[in-house]
Structures are given as C-alpha cells and as structure tokens.
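S.K.: Sequence and predicted structure are below.
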Amino acid sequence: MNSDSVLNPEKAGGEPVVSSPVSNSMPSAKKVTQETGLVPLNLTISSIGLDADIIPVGLQEDGAMEVPEDVMKIGWYTKGARPGEKGNVVLAGHVDNYLGKGVFFDLEDVSLEDEVVLTDKDNTLRYKIVKIESYPYDNGPIEEIFGFTSQKRLQLITCTGWFNPLTKNHEERLVVTAIQQ
C-alpha cells in the first residue's frame, strides 16, 4: 500500500460520534455509559500463521487513513472504535513492498468463520470472520467500513490485485470483516 492506497474515512462523515455518560436528575433514571474498549497491541490469525504488532494511526492531510511505514506492522485507525466497543474497528496493513511480503500478505487466504484475536497487555478479544470482499482501490463501501454500526465489528484492509507501476498502486482493496464473539 502506498500513502494514497487506503480508503478515505472522511467520506463516511468524518470522525465518529462518541457518546458520553448521561444522567438524569429523576430518581428512576439509570445512568448510561458507553463501553470502553481496549487499545489493541497485537493481532493473531492462527489459520494463516499471522501474529503481528499493532500501532495507532490517524489521517493523512488528504483525509485518507494512514498506514504504518513498517510493512510488518498493522495500523489501528484511532478515530474509529476501540476493540470491545460498538462500531467499526479498522486495521490496515501492507500486502507487500519492493523488498517482499508485508504483514497482510496472506490475508487473502483467510476463510469465513476463521478466528481473529486482538490483545492489549491484559485482555483478549475474539472475532469471527463473516465477510471477505475486494473493491476497486478508489471505490469501496466507505460508510460500511468506517461508519457507525451497533455491532462490535472489525475491518481488516490491505491491497490486493494487480500492481500498476504507473500509479504505483494496487488496483483493489481487500476488506475482511469480523464480528466480536
């Protein structure tokens, strides 16, 4: 993936709205709070032998999601949901570069029902893959990937398809969707 290669989350309406604790002065009202998710540090998909570190990423100046410079690291989009919260947790990684394989090189080999595990220092969350789709690099379902959802959903994004040496970009994006178990 190059710097122009990740889908643009700002097209999904910008930063997500995060609710804050709400209380009501009436005695019968219950306090409502949003769950606090974890800050992911590692991702494992045993079906493809993947065990990789995760680093936080944001947006580039053009509004596209950043990706790690290190092709063996996964980027977590910090303007989206945290794992464990309702919403889309978006992780992106390189498929390759001119030196060889990237962290998500084998992502195309996952299957429906495969397990994806996210961890921080103390906690583990498990997801099950429910959808595997490829989209033209500049025409993916931005709202579905980055927008609001009441599910606890994980989106894994990488490049796929033919590499165009003129644009220095892969022609498609692979998006693997998983739901927290």
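M.R.: Yep, that arrived. Numbers count the residues shown, from 1 in each chain.

S.K.: count of neighbours near residue 38?
M.R.: Using other C-beta atoms under 10 Å, residue 38 has 18 neighbouring residues. C-betas here are computed from N, CA, C, even on glycine.

S.K.: ranges for the strands of the protein?
M.R.: Along the chain, counting by DSSP state E, strands occupy 42-45, 50-57, 74-77, 87-92, 96-97, 100-101, 115-119, 124-136, 152-164, 169-180.

S.K.: Give me the distance between residue 130 and residue 88.
M.R.: Applying C-beta to C-beta, to the nearest Å, the value for residue 130 to residue 88 is 13 Å.

S.K.: I misspoke; the intended subject was residue 41.
M.R.: Distance of residue 41 to residue 88, given as C-beta to C-beta: 19 Å.

S.K.: just to revisit the earlier point, take the strands of the chain and write them to CSV, including distance to residue 9, mean neighbour count and mean pLDDT.
M.R.: Formatted as CSV, these follow (distance: least, C-beta to C-beta, whole Å; neighbours: other C-beta atoms under 10 Å; pLDDT from 0 to 100):
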stretch, distance to residue 9, mean neighbour count, mean pLDDT
strand 42-45, 19, 20, 98
strand 50-57, 11, 17, 98
strand 74-77, 7, 24, 98
strand 87-92, 7, 25, 98
strand 96-97, 23, 14, 94
strand 100-101, 26, 10, 96
strand 115-119, 19, 20, 98
strand 124-136, 14, 16, 97
strand 152-164, 10, 21, 95
strand 169-180, 13, 20, 96
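
S.K.: Just put those strands in JSON lines and tack on distance to residue 107.
M.R.: Formatted as JSON lines, the strands of the chain follow (distance: least, C-beta to C-beta, whole Å):
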{"stretch": "strand 42-45", "distance to residue 107": "8"}
{"stretch": "strand 50-57", "distance to residue 107": "8"}
{"stretch": "strand 74-77", "distance to residue 107": "10"}
{"stretch": "strand 87-92", "distance to residue 107": "10"}
{"stretch": "strand 96-97", "distance to residue 107": "11"}
{"stretch": "strand 100-101", "distance to residue 107": "11"}
{"stretch": "strand 115-119", "distance to residue 107": "10"}
{"stretch": "strand 124-136", "distance to residue 107": "9"}
{"stretch": "strand 152-164", "distance to residue 107": "5"}
{"stretch": "strand 169-180", "distance to residue 107": "6"}
